[in-house]
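Trainee: Here you go, sequence then predicted model.
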Amino acid sequence: AHLFKAMIDHGVYMEGTTLKPNMVNPGRDCKKKYTADEIGLATVTTLRRVMPAAMPGVNFLSGGQSLEDASARLNAINKYKGNS
C-alpha cells in the first residue's frame, strides 16, 4: 500500500501501469503444503486489499515455482469472480 501511495503522490498515471508481483507463496521452510486454491485465494485477497482499483492489470512472476505449480496457481487465481 505504501508503494501505491508513493506512486500517486508522485503523479504516476495509475491507469497506465501494470503491477508485476509474485504470487503469495509459502516460505521455503514452511512445513505445511498449501493447495493451488489456497494460494490463489491468498493472492487475490492480498491484491484486493492493497491494489488501487485504477490499476488495469497484474502480470505475475513465477518466483522460482515449477511450471506446473505456477500454472495451477494461476488457474486458481482466475477462478475468483471479478478477476478479469
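Mentor: Done, it's in.
Trainee: What is the longest helix anywhere in the chain packed up against?
Mentor: In terms of residue count, the longest helix belonging to the chain (DSSP state H) is helix 36-50. Packed against helix 36-50, as judged by 3 or more Cβ pairs under 8 Å, 6 or more residues apart in numbering; DSSP states H and E, are the following elements: helix 67-78. Bear in mind the C-beta positions are built from the backbone N, C-alpha and C, glycine included.
Trainee: Need the contact partners of the helix or strand that the longest helix of the chain is followed by.
Mentor: Downstream of helix 36-50, the next assigned helix or strand under DSSP states H and E is strand 57-58. Contacts made with strand 57-58 from outside it, assessed by Cβ atoms under 8 Å, 6 or more residues apart in numbering, are listed as 18-21, 47, 51.
Trainee: which among the residues you listed end up buried?
Mentor: Members of the contacts of strand 57-58 that pass the buried threshold by neighbour count (16 or more other Cβ atoms under 10 Å) are listed as 19, 47, 51.
Trainee: What about the nearest residue to residue 80 once chain neighbours are set aside, how many residues nearby?
Mentor: Nearest in space to residue 80, with sequence neighbours left out and distances taken as Cβ to Cβ, 6 or more residues apart in numbering, is residue 44 at 4.8 Å. Neighbourhood size, residue 44 [other Cβ atoms under 10 Å]: 21.
Trainee: Isn't residue 44 up against residue 74?
Mentor: No: under the criterion of Cβ atoms under 8 Å, residue 44 is not in contact with residue 74, lying 11.4 Å apart.
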